[in-house]
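> Sequence plus predicted model, see below.
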Amino acid sequence: MGKLFGTDGIRGVANRELTPELAFKIGRIGAFVLQKENKGKKAFLVARDTRKSGTMLESALVAGLASAGADVYLAGVISTPATAFLTKQLAGCGGVVISASHNPYYDNGIKFFSSDGFKLPDAVEDEMEELFFQNDDNLPRPDGADIGSVLPDPEAADRYLAHLLSTVPCRLDGYRIILDCANGAVYRLAPQAFRALGAEVIVFNDRPDGININDGCGSTHPEAIVSYVKREGADFGFTFDGDADRVLAVDADGELVDGDAIMMILARHLMARDALPHRTVVATVMSNLGLEKAAEKYGFRLLRTKVGDRYVLEEMLAGGYTLGGEQSGHIILLDYNTTGDGLLTALQLAAIAVAGGKSLKELAADYTRYPQVLVNCRVKKREGWDSNPRIRAAIAETEDVLHGSGRLLIRPSGTEPLIRVMLEGRDEEKLRAMAEKLADIITAELNR
């Protein structure tokens, strides 16, 4: 059987790998499986970002959902986290967003949510995948009055906006804020939210044309907002990715505040209010050593998972934790939403600064980002790297040199014939030399 779902839904080049035919078929399957999971509930939310292919795929997907009996509510252009929140609020059988997040415009994706607003469990994705690769479509095909309805939901964004504003305990009057909307899903909503709280908002990359989403802008290109904040004399700025599940911040001096620094600020704020369960933050193995040092200083525990917000969320749910995320700015605040939410995070960060009378620079001052060096080793085989005697000896030697003042991480790529070597510490030049020496040994041993 082939593989359909990746770690973040179904992705591919629109109209080549991710075709209308695929969208129609997976729509029928999604409606069937999720209605069964939710005892016959029929309501299904559908949203998209600003990609040109979005309406094409939406039409096919919606036809598939309705043909299997789902009543489809069209939320239009909203973010991935808005889709998750509104799906839970709908209390139907599920939801789906058509988006490829931070990818270029020619890619697109289909991501389903359960009725509770969380990503689908592996077992449900496996069932949908099995049905997809069957030769025959034996799913129910209702007719007459039992065909699903398709209904516009023009107030969807307003309901999500009301939720966001309800989480902010203060006004932002007198503050000047720059927003880079990446020509993506929050090009309207992000300015609306900050202006509703009284901020003076300067917004750019808010004119999507279907092909400019993420194009030299947004959280994958933070250099754009760094120069903008300094030039405009703003108090701080926020830059989102195309579906706004990520955000990075910039202080008044034009210094970038990444996801690790944001998690530190949020953790300190929540601990001061006794609102950080088990005094624990969940991050991935790629989070900077600086976050570990901040955790030691401020007395919270840092748990690390494999790379990917999916694994962060799994650990959070298993342990009863409410704050987690990635260095990329994908921050999960389970008290308010079921997935990473860039706009929610930006609003919380602004509110912490304003309510505490501190600048973003002051809030991030105790976070020191250690240099990270990453080297990719192209190999014939990834298996056996961790049991190879010469590689193990080289790892031990490297860790002995670091001697607690740095960090070594080696991990095989999940999709490419690569072994990734990452070192952190204070001296970037020495780290690079050690990383390249270790990479040479790995490459030699695994290409025999």
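That came through, no problem. A quick note: this is a predicted structure, and the numbers were derived from the prediction, not measured.
> list the contacts for L446?
With contact taken as C-beta atoms under 8 Å, 6 or more residues apart in numbering, L446 is in contact with C377, V379, K380, K381, R382, G384, W385, N388, I419. Bear in mind the C-beta positions are built from the backbone N, C-alpha and C, glycine included.
> same thing but 10 Å
Contacts of L446 were listed using C-beta atoms under 10 Å, 6 or more residues apart in numbering, and they are 377-385, 388, 391, 412, 417, 419.
> So which of these belong to helices?
Judged by DSSP state H, helices contain the following of those: I391.
> Which of the contacts of L446 fall within strands?
Secondary structure assignment by DSSP state E places C377, R378, P412, I419 of those in strands.
> Name only those of those that count as buried.
C377, P412, I419 (16 or more other C-beta atoms under 10 Å).
> Low-confidence stretches in the protein?
Residues of the chain meeting the criterion pLDDT under 70: 1-2, 414-415.
> tell me the residue furthest from the middle of it?
Of all residues in the chain, G144 sits farthest from the chain's C-alpha centroid, using C-alpha atoms, centre = their mean; the distance is 40.5 Å.
> Would you check how far apart that residue and F32 are?
The gap separating G144 from F32 is 18 Å, by C-beta to C-beta, to the nearest Å.
> do the same with L151
20 Å.
> Mind checking which of these two has more residues around it?
Relative neighbour count places F32 above the other of L151 and F32, with 22 against 10, counting by other C-beta atoms under 10 Å.
> where's the more buried one, which helix or strand?
Element membership for F32 (DSSP states H and E) is helix 20-37.
> hang on, the earlier thing: return the backbone torsion pair for the residue farthest from the centre of the chain.
When read as degrees, to the nearest 10, the backbone of G144 gives phi 60, psi -130.
> Grab the nearest non-local neighbour of I110.
In space, not counting the residues next to it along the chain, I110 is nearest to I10; the distance is 4.5 Å by C-beta to C-beta, 6 or more residues apart in numbering.
> Check the secondary structure at the one you found for me.
strand (DSSP: H, G, I helix; E, B strand; the rest coil).
> and what of A244?
Applying three-state DSSP to A244 yields a three-state assignment of coil.
> List the buried residues in stretch 65-81.
Residues of stretch 65-81 classed as buried under the neighbour-count rule (16+ other C-beta under 10 Å) are 65-75, 77-81.
> Apologies, that question was intended for stretch 440-448.
Neighbour-count burial for stretch 440-448 flags I441, I442, T443, E445, L446 (criterion: 16+ other C-beta under 10 Å).
> Switch the buried ones among the ones in strands among the contacts of L446 over to CSV; also include distance to P20.
What follows is those, written out as CSV (distance: C-beta to C-beta, whole Å):
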residue, distance to P20
C377, 40
P412, 35
I419, 39
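> domain assignment for the chain?
Per the record, the chain has its domains at 10-155, 167-364, 372-446, by automatic domain parsing.
> Which one, of these, ends up nearest to L161?
Between L161 and the domains of the chain, the shortest separation by C-beta to C-beta is 6.0 Å, and it involves domain 167-364.
> residue boundaries of the helices in this structure?
Residue ranges of the helices in the chain, as given by DSSP H, are 20-37, 54-67, 80-90, 122-132, 156-166, 189-196, 223-232, 259-272, 289-298, 309-319, 342-356, 360-364, 389-402, 428-446.
> Name the stretch among the ones you listed that sits most buried.
Burial among these, expressed as mean neighbours by mean count of other C-beta atoms under 10 Å, is greatest for helix 80-90, which shows a mean of 26.
> returning to what we had before: run through the residues that contact the residue nearest to I110.
By C-beta under 10 Å, 6+ apart, I10 lies in contact with 4, 17-18, 22-23, 26, 98, 100, 108-112, 125, 128-129, 132.
> Apply 7 Å and report the result again.
L4, L18, I26, G109, I110 (C-beta atoms under 7 Å, 6 or more residues apart in numbering).
> next one: L349
With contacts defined as C-beta under 7 Å, 6+ apart, the neighbours of L349 are A249, I262, I265.
> measure G12 to N447 for me?
Taking C-beta to C-beta, one finds G12 at 31 Å from N447.
> Oh, that last question was meant for S219, not what I typed.
In this view, S219 and N447 are 36 Å apart by C-beta to C-beta.
> Now S101: closest residue in space that isn't a chain neighbour?
Of all residues beyond its chain neighbours, the one nearest S101 is D243 (4.8 Å), with distances taken as C-beta to C-beta, 6+ apart.
> now L22
Here the nearest residue to L22 in space, its sequence neighbours aside, is I10; by C-beta to C-beta, 6+ apart that works out to 7.6 Å.
> Look up how far D49 lies from the residue nearest to S101.
Applying C-beta to C-beta, the value for D243 to D49 is 5 Å.
> Equivalent analysis for D116, please.
According to C-beta to C-beta, D116 and D49 sit 23 Å apart.
> circling back: L45: which of the helices of the chain is closest?
Distances from L45 to each of the helices of the chain were compared using C-beta to C-beta; the shortest belongs to helix 80-90, at 4.9 Å.
> Pull the residues that contact the closest one.
If you take C-beta under 7 Å, 6+ apart as the criterion, helix 80-90 is touched by 43, 45, 47, 73, 75, 94-95, 97, 99, 111, 113, 115-117, 156-157, 159-160, 163, 243-245, 337-341, 344.
> rerun that using 6 Å as the cut-off
The set of residues that contact helix 80-90 without belonging to it, under C-beta atoms under 6 Å, 6 or more residues apart in numbering, is 43, 45, 47, 95, 97, 99, 113, 116-117, 156, 160, 243, 245, 337-339, 341.
> I'd like to check the angle between it and helix 189-196, please.
Helix 80-90 and helix 189-196 meet at an angle of 80 degrees, taking axes from the mean of the first three to the mean of the last three C-alpha atoms, to 10 degrees as the criterion.
> the inter-axis angle of helix 80-90 versus helix 342-356?
Angle of helix 80-90 versus helix 342-356, following the same axes, to 10 degrees, is 100 degrees.
> Any idea how far helix 80-90 is from the middle of the chain?
15 Å (C-alpha atoms, centre = their mean, to the nearest Å).
> Output it as CSV, restricted to C-alpha atoms.
The C-alpha atoms that make up helix 80-90 are tabulated as CSV, following Å, rounded to 0.1, in the frame of the first residue of the first chain:
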residue,chain,number,x,y,z
THR,A,80,-5.1,26.6,10.3
PRO,A,81,-5.4,27.3,14.0
ALA,A,82,-8.7,29.1,13.3
THR,A,83,-9.9,26.0,11.5
ALA,A,84,-9.0,23.8,14.5
PHE,A,85,-10.8,26.1,16.9
LEU,A,86,-13.9,26.5,14.8
THR,A,87,-14.1,22.8,14.1
LYS,A,88,-14.3,22.1,17.8
GLN,A,89,-16.8,24.9,18.3
LEU,A,90,-19.0,23.5,15.5
